[in-house]
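J.: my questions are about this predicted structure, shown below with the sequence.
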Amino acid sequence: GAVVSQHPSRVICKSGTSVKIECRSLDFQATTMFWYRQFPKKSLMLMATSNEGSKATYEQGVEKDKFLINHASLTLSTLTVTSAHPEDSSFYICSARNFLGNYGYTFGSGTRLTVV
Amino acid sequence: SQELEQSPQSLIVQEGKNLTINCTSSKTLYGLYWYKQKYGEGLIFLMMLQKGGEEKSHEKITAKLDEKKQQSSLHITASQPSHAGIYLCGADTTGTASKLTFGTGTRLQVTL
């Protein structure tokens, strides 16, 4: 149980276009989801906390207009990278807060975004 | 600056050797999680610690949280090539379980 599906796993897009990444909790409801970004050989940096039915809470230094987060249902959060540029190329991972068992947080498998 | 510092940043050990990774915070660790990650993949949950002095083991991996709840260690006994990867500690430092922030990471290589 407590599976989070992230899609797509890899995406290549052209500069100036927008890309949407989906994060779904498959067998539980997630009122809170998190989006992280990981640079090569670096740790995970929390970008924002996504709350179902309300606005996301962004971490300091993260551009709200660049990284649009929508959490319209209890099982789906989306991250849209708008007007992507090569510097947005990175590995993005989502996580869902779950209260099943004692794990607490379940992570997706990540999305590798390459902007060309 | 990073809230959670891990040491060492990278580690190369020979198969069969023991190793320890540390995770230190200037804030109280209300919930401390250890994960393993293969490059470019998601996170694999290893263990969660909450109480000061708590220790948990799974197979050849043991994790401890100190009494002050500001430092955790991950110990691998008789390392194997399958242990290679990036080890990340994540913690709730707010006390409200509102978010999980991560340490700087430790890259482990196991040589034959």
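T.: Perfect, I can see it now.

J.: contacting residues around residue 24?
T.: No chain in the question, so chain A it is. The contact partners of A:Arg24, by CB atoms under 8 Å, 6 or more residues apart in numbering or on different chains, come to A:Val4, A:Ser5, A:Gln6, A:His7, A:Thr75, A:Leu76. From N, CA and C alone the C-beta is placed, and that goes for glycine too.

J.: to clarify, I was referring to chain B.
T.: Taking CB under 8 Å, 6+ apart, we find B:Thr24 in contact with B:Leu4, B:Glu5, B:Gln6, B:Ser7, B:Gln70, B:Gln71.

J.: contacts only, for the closest residue to B:Leu112 other than its chain neighbours.
T.: By the measure of CB to CB, 6 or more residues apart in numbering or on different chains, the closest residue to B:Leu112 outside its immediate chain neighbours is B:Glu15, 5.5 Å from it. Applying CB under 8 Å, 6+ apart to B:Glu15 gives the contacts B:Ser79, B:Gln80, B:Pro81, B:Val110, B:Thr111, B:Leu112.

J.: and with 10 Å instead?
T.: Going by CB atoms under 10 Å, 6 or more residues apart in numbering or on different chains, B:Glu15 touches B:Ala78, B:Ser79, B:Gln80, B:Pro81, B:His83, B:Ala84, B:Val110, B:Thr111, B:Leu112.

J.: mind putting the residues you listed into CSV with secondary structure?
T.: Output for these, formatted as CSV (DSSP: H, G, I helix; E, B strand; the rest coil):
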residue, secondary structure
B:Ala78, coil
B:Ser79, coil
B:Gln80, coil
B:Pro81, helix
B:His83, helix
B:Ala84, coil
B:Val110, strand
B:Thr111, strand
B:Leu112, coil
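
J.: got any ranges where the chain has weak pLDDT?
T.: Because you didn't say which chain, this covers chain A. A:1, A:100-103 (pLDDT under 70).

J.: wait, I meant chain B there
T.: Residue ranges of chain B with pLDDT under 70: B:1-2.

J.: what does it put close to chain A?
T.: Residues of chain B that fall close to chain A, judged by CB under 10 Å from any CB of the partner chain: B:2, B:4, B:6, B:9-10, B:31, B:33, B:35, B:37, B:39-45, B:47-48, B:50, B:86, B:88-90, B:92, B:97-107.

J.: what about 7 Å?
T.: Contact residues, chain B versus chain A (CB under 7 Å from any CB of the partner chain): B:31, B:33, B:40-43, B:45, B:48, B:88, B:99-105.

J.: from the residues you listed, which two are the most distant?
T.: B:Gly31 and B:Gly40 (26.6 Å; CB to CB).

J.: the two - which one has more neighbours?
T.: Shown here are B:Gly31 and B:Gly40; by other CB atoms under 10 Å in any protein chain shown, B:Gly31 has more neighbours (20 against 13).

J.: what's the neighbour count on the residue nearest to that one when sequence neighbours are not counted?
T.: Closest residue to B:Gly31 apart from its sequence neighbours, by CB to CB, 6+ apart: B:Asp92 at 4.2 Å. Neighbour count of B:Asp92, defined by other CB under 10 Å: 21.

J.: what sits against B:Asp92?
T.: Contacts here follow CB atoms under 7 Å, 6 or more residues apart in numbering or on different chains; on that basis B:Asp92 touches B:Tyr30, B:Gly31, B:Leu100.
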